[in-house]
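Asker: I'd like to go over a predicted model; first the sequence, then the structure.
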Amino acid sequence: MWVRIRERVPLRAPEWLAGLVTILIGLYFVAFPTAFERAGLSGFESIASVGMWVAAGLLLGAARIGALVLNGHQPTISAPVRCLVAICGIGLFGSIAAGYSLSWNQHGPPLGMVLALGFTAADIFNTARSALDVLKAFRRARSWNGSLR
C-alpha cells in the first residue's frame, strides 16, 4: 500500500493540489459568506452567487479527491471522473480568474488572478493526462462492452 501511494501521489500532485484548493475555496465562502462585499472580490458576485461558489468548490473538490483515492482500485470509473472534474476545474479556475480580473486596478493584476490562471493551466494538463488514463484503463479492460460495470 505504501509503495502505491509513493508511486501515485507524486505523479498526481497537481490533481491532489487542485482538489485541495477547490475544497478550500468552497470552505472559504462557507466561513465568510459576505466576502463578496469586499472590493477585491466584488466581481465574483456578477459571475455567480455565494451558494454556487460553495457548491462548485465542495462538490468538485470532493469528486476529485474521491476519484484520486479510488484511482488504483477502479481505474475504469475513476479515470473518467478525474477527466470530467479536471474539465470542470478549468471552468471553475477560469471563472475565478475572471472574477479577479474585474478588480484590476492601476497597480496591475491581482495575485489571485495570476494564481487562478496557473491552476487553469494545471487543469488543462490534468485533463490531458487523465484523458490518456481513460484510454489506458479501457484498453486494459479486455472485453469492454460500453458499460462501466
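Answerer: Looks like it came in fine. All values reported here derive from a predicted model rather than from experimental measurement.

Asker: Return the residues in contact with Pro110.
Answerer: With C-beta atoms under 8 Å, 6 or more residues apart in numbering as the criterion, the residues that contact Pro110 are 40, 100, 103-104. Where you see a C-beta, it was placed from the backbone N, CA and C, and this is true even at glycine.

Asker: Now go through these and say which are in helices.
Answerer: Tyr100 (DSSP state H).

Asker: Closest one of the contacts of Pro110 to Gly94?
Answerer: Tyr100 (10.9 Å; C-beta to C-beta).

Asker: For the closest one, list the residues it contacts.
Answerer: Here Tyr100 is in contact with 40, 43, 109-110, 112-113, 116 (criterion: C-beta under 8 Å, 6+ apart).

Asker: Look at Gly61 and say how many residues are nearby.
Answerer: Applying other C-beta atoms under 10 Å, we find 23 residues neighbouring Gly61.

Asker: didn't it look like it was pressed against Leu17?
Answerer: No: assessed by C-beta atoms under 8 Å, Gly61 is found out of contact with Leu17, at 11.0 Å.

Asker: Helices along the chain, start to end?
Answerer: 2-11, 13-31, 42-47, 50-70, 75-101, 111-140.

Asker: Point out the most buried one among these.
Answerer: helix 75-101 (a mean of 20; mean count of other C-beta atoms under 10 Å).
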